[in-house]
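> Sequence and predicted structure, then a few things I'm wondering about:
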Amino acid sequence: MIAQQDGTGYMATMLRKPGDKYEIYYDKVALETVANSVRYLPPEWIAKGGLDVTDDFIAYAQPLIGDGWPDVPMENGLQRFTRLDIKFIDKKMKDYVPIRMR
């Protein structure tokens, strides 16, 4: 929709509205504004000692994270995220021999 109305050279953005309720609005920003730019977590969201985040960050992030834990099955007291089904194919090439040893 941005390209139709304003042409190229923009990136679509989703910005959070101020307040405790989590709401967003859509906007755009010029690519030259965001290209090769970096945004850091505000220092006031980093706990003293630098190893944790503050309650203010948790309040900000909670709507994005959700309230519950993901439904991950437990096996022997550990979460089982995935189980790989390892399959090998038949070997088709000769053993590799480094050039210096040929």
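Structure received.

> Around D85, how many other residues sit close by?
5 (other CB atoms under 10 Å). Where you see a C-beta, it was placed from the backbone N, CA and C, and this is true even at glycine.

> right, I mislabeled it, should have said T13
13.

> next one: T54
Considering only other CB under 10 Å, T54 is surrounded by 14 other residues.

> mind checking how far it is from D27?
Distance, T54 to D27, by CB to CB, to the nearest Å: 27 Å.

> Check M1 too.
12 Å.

> So for those two, which sits in the more crowded spot?
Neighbours per residue (other CB under 10 Å) separate M1 from D27, with D27 holding more: 12 against 8.

> List the pairing partners of whichever strand or helix holds that one within its sheet, with orientation.
Per DSSP states H and E: D27 is located in strand 24-30. Strand partners for strand 24-30, identified by DSSP bridges, are recorded as strand 10-16 (antiparallel).

> which parts of the strand it pairs with are buried?
Y10 (16 or more other CB atoms under 10 Å).

> Pull out the CA atoms of it and give them to me as CSV.
As requested, C-alpha coordinates have been extracted for strand 10-16 and formatted as CSV (Å, rounded to 0.1, in the frame of the first residue of the first chain):
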residue,chain,number,x,y,z
TYR,A,10,10.1,3.5,2.3
MET,A,11,10.1,0.8,4.9
ALA,A,12,6.8,-0.2,6.6
THR,A,13,6.8,0.2,10.3
MET,A,14,4.7,-1.0,13.2
LEU,A,15,4.9,1.4,16.2
ARG,A,16,3.5,0.9,19.7
